[in-house]
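Participant: sharing a model prediction with you, sequence too.
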Amino acid sequence: MIATLKPARRVRGAARVPGDKSISHRAFLLAALADGAVEVRGAGRGEDVRSTLRCVAELGAAVSEPAGADCIRVQGRSLRGLSPPRAPLDCGNSGTTLRLLAGILAGHSFAATLTGDASLSARPMERVAAPLRAMGARVELSARGTAPLWVEGGALRGIDYSMPVASAQVKSCILLAALYAEGASAVREPVPTRDHTERLLGAAGVSLKRERGAIVITPATRLSLDRIEVPGDFSSAAFLLAAAALLPGSEIELRAVGLNPSRTAFLDLLHDMGAAVEHQIESESGAEPRGAVRVRGAELRAVSLGPERAAALIDELPLVAALAARAEGISELRGAAELRHKESDRLAAMAQGLRALGAQVEELPDGWVIQGPAALCGAELQSRGDHRVAMALAVLALAARGPSRIHAAECVAVSFPGFFETLESLVEC
C-alpha cells in the first residue's frame with residue numbers, strides 16, 4: 001500500500017483513537033490466567049493485539065467476540081492451567097506478545113516455542129532469556145540471540161534483578177514469571193518505564209509494591225479478574241496531537257484517551273516546544289486514568305532530550321524527530337539507542353525520511369541532531385514496515401510544500417487501523 005499525503009493548512013476537529021495496545025496485550029494475557037471468564041472492553045484491534053489473542057487461544061483460553069459489542073471475552077484457565085500448544089506460537093510483529101508470554105510460559109511445566117515475522121526475529125531476546133534462566137527456566141535462542149525462543153518451565157525461584165536496559169517488556173516478563181516463583185522477586189529499572197503490568201496485577205489481587213527503588217512482587221495463587229476497561233491508546237493519539245502542534249492554527253480534541261502518568265511525557269514535550277496543551281482526567285477504571293486531551297498548534301521551538309526523557313517517550317521518539325524538523329533551533333536527542341532494536345532501526349529510518357523531505361539531520365549512535373525549521377518538500381518515503389515510522393512521516397508530510405507518498409504504509413494496521421482515514425478527516429487544505 002502507498003499512502004499519499006497532501007499539504008495541509010491545518011488540522012481541526014475531534015476524534016477517538018483505538019484501545020491502548022500495551023494495556024490490551026496485558027489484559028488478554030492476564031485474562032487467560034484468571035479463574036473464570038474475563039470481559040475486556042475497548043481493547044485495541046490492531047494486528048499486534050490479534051497476535052496475543054491467537055496465542056492465548058492456542059494455549060487453551062477460549063476467545064469470543066459477541067456481535068455488536070465492543071468487548072472480547074476470554075475464558076481464563078487459571079494461573080497454572082494453560083495447555084501445551086500444538087505448534088510454535090506465532091507472535092507476528094509483536095515484541096510485547098513474545099516477551100511477556102515467555103515470562104508466563106516459564107512458570108508452566110511444558111515446553112513451547114515462540115516465533116514471529118522477520119522483523120520480530122531480528123530483535124534481541126537475550127534480555128529476557130537471561131533473567132528467566134536465572135529464575136530456573138530453560139531458555140534457548142537462535143545463534144544470533146533472537147527468536148525463535150524456546151522455553152521450558154519448571155520450579156522457579158525468586159530473583160533480585162537489575163535491568164541493564166530500561167524496558168517495560170523485559171520488566172513485565174520478569175514480573176509475570178515471578179508469579180510462579182518460590183519467594184519474592186525484585187526488579188530494578190535504570191529509569192522508570194510504563195507501569196501497566198503493575199497496575200493490572202494489583203487489580204487482580206497480586207501483592208506488589210515499590211520498595212527502595214525496586215518493584216517487589218510476591219508469588220500468586222490466583223488472579224481475580226472479571227472485567228477490564230481499556231482506554232484509548234495514548235501513543236496512537238500522539239500522532240494526531242503532533243499534527244495539530246505542527247501546523248499553526250490547528251486544534252484537535254481527543255476523548256477517552258489513557259492518561260497514565262507513565263505514558264504522557266509527550267504532552268510535556270509538546271508544551272516545552274510551544275504548543276498549547278490541555279488535558280483532564282475524567283475517570284479511572286481498572287486503575288487506568290482516562291480523559292480528554294486538546295492541543296493547539298503554534299510556532300515550535302527546539303528541545304534537547306537525554307536518556308531519562310527518551311525512555312519516557314520511547315514510542316513517541318519518531319514524532320519528536322518529526323516535530324524537531326519544523327522547530328526553531330537545534331534539537332538534540334541522546335540516550336535512545338534502543339530505537340535501533342524496534343520494528344525497524346528507527347534512528348536510521350527517521351533520519352532517512354527527514355532528509356528525503358528536506359530536513360537537516362545528523363544521525364548519532366543513540367539519537368539525532370536536527371536543525372530546524374526546514375522548508376519541506378514532498379518526497380517518496382519508506383516506512384521500512386514500521387508503523388510508528390510511517391505515521392510520524394505522514395504527520396510531517398502535512399507540512400511539506402507538495403504531496404508525499406509513503407511506501408509499505410499498510411504497516412500502520414499493527415497499532416492504528418484506520419489511521420490515514422482518521423487523519424484525513426481532520427485535515428483542512
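Facilitator: Cool, got the structure.
Participant: below-threshold pLDDT in this structure: ranges please.
Facilitator: 285-286 (pLDDT under 70).
Participant: let me see the domain layout of it.
Facilitator: As assigned by automatic domain parsing, the chain contains the domains 2-19+231-428, 21-229.
Participant: now mean neighbour count too, for those, in a markdown table please.
Facilitator: In this view, the C-beta of every residue, glycine as well, is placed from N, C-alpha and C. Converted to a markdown table, the domains of the chain look like this (neighbours: other C-beta atoms under 10 Å):
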| stretch | mean neighbour count |
| --- | --- |
| domain 2-19+231-428 | 21 |
| domain 21-229 | 20 |
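Participant: and for stretch 346-358, what are the contacting residues?
Facilitator: Contact with stretch 346-358 is made by 317-318, 321-322, 325, 336-337, 339-340, 361, 363-364, 366-368, 370, 374-384, 386, 388-389, 392-393, 396-397, 400, 404, as judged by C-beta atoms under 8 Å, 6 or more residues apart in numbering.
Participant: report the contact partners of the nearest residue to R227 once chain neighbours are set aside.
Facilitator: Nearest residue to R227, sequence neighbours excluded (C-beta to C-beta, 6 or more residues apart in numbering): E39, at 4.8 Å. Contacts for E39 (C-beta under 8 Å, 6+ apart) come out as C71, I72, R73, D226, R227, I228.
Participant: quick one: the helices in the stretch 301-429 of the chain, in order.
Facilitator: 307-312, 317-324, 346-357, 387-397, 419-426 (DSSP state H, counting those that start in this stretch).
Participant: how far off centre is the second one?
Facilitator: Going back to what we said before, that points to helix 317-324. 16 Å (C-alpha atoms, centre = their mean, to the nearest Å).
Participant: CA atoms only for that helix - export them in PDB, please.
Facilitator: Listed next in PDB are the C-alpha coordinates belonging to helix 317-324 (Å, rounded to 0.1, in the frame of the first residue of the first chain):
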ATOM      1  CA  LEU A 317      10.500   9.400  19.700                       C
ATOM      2  CA  PRO A 318       9.900   9.200  15.900                       C
ATOM      3  CA  LEU A 319       7.400  12.100  16.400                       C
ATOM      4  CA  VAL A 320      10.000  14.100  18.300                       C
ATOM      5  CA  ALA A 321      12.200  13.900  15.300                       C
ATOM      6  CA  ALA A 322       9.400  15.000  13.000                       C
ATOM      7  CA  LEU A 323       8.500  17.900  15.200                       C
ATOM      8  CA  ALA A 324      12.100  19.000  15.500                       C
END
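Participant: identify the residues contacting the helix or strand that C173 is a member of?
Facilitator: Per DSSP states H and E: C173 is located in helix 168-178. Identification of contacts with helix 168-178 by C-beta under 8 Å, 6+ apart yields 22, 26, 29, 95-96, 99-100, 102-104, 106-107, 127-128, 131-132, 135, 137, 156, 158-159, 161, 163, 184-185, 187, 189, 193-198, 201, 208, 215, 217, 219.
Participant: helix or strand right after that helix?
Facilitator: Next element after helix 168-178 (DSSP H and E): strand 185-188.
Participant: quote the end-to-end distance of stretch 145-157.
Facilitator: 24 Å (C-alpha to C-alpha, to the nearest Å).
Participant: same question, stretch 341-360
Facilitator: End residues of stretch 341-360 are separated by 24 Å (C-alpha to C-alpha).
Participant: chain center to that stretch: distance?
Facilitator: 19 Å.
Participant: show me where the stretch 51-200 of the chain has helices.
Facilitator: For the stretch 51-200 of the chain, the helices defined by DSSP H, counting those that start in this stretch cover 95-105, 126-135, 168-178, 196-203.
Participant: now these in TSV, with distance to S304?
Facilitator: What follows is these, written out as TSV (distance: least, C-beta to C-beta, whole Å):
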stretch	distance to S304
helix 95-105	28
helix 126-135	28
helix 168-178	24
helix 196-203	28
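Participant: out of these, nearest to S119?
Facilitator: helix 95-105 (9.1 Å; C-beta to C-beta).
Participant: give me the residues contacting that closest one.
Facilitator: Counting by C-beta under 8 Å, 6+ apart, 21-22, 25-26, 29, 33, 48, 51-52, 55, 82, 89, 91, 112, 114, 116, 120, 123, 125, 128-129, 132, 139, 147, 149, 151, 153, 169-170, 172-177, 197, 342 sit against helix 95-105.
Participant: A238 is in what secondary structure piece?
Facilitator: Assigned by DSSP H and E, A238 falls in helix 234-246.
Participant: C-alpha coordinates for the next helix or strand after that helix, PDB please?
Facilitator: The helix or strand immediately downstream of helix 234-246 is strand 251-258, counting by DSSP H and E. The C-alpha coordinates for strand 251-258 follow below in PDB (Å, rounded to 0.1, in the frame of the first residue of the first chain):
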ATOM      1  CA  GLU A 251      -6.800  22.400  17.200                       C
ATOM      2  CA  ILE A 252      -7.600  18.800  18.000                       C
ATOM      3  CA  GLU A 253      -9.500  17.200  20.900                       C
ATOM      4  CA  LEU A 254      -9.200  13.500  21.600                       C
ATOM      5  CA  ARG A 255     -11.500  11.900  24.000                       C
ATOM      6  CA  ALA A 256     -11.300   8.800  26.300                       C
ATOM      7  CA  VAL A 257      -7.600   8.700  26.000                       C
ATOM      8  CA  GLY A 258      -5.400   6.900  28.500                       C
END
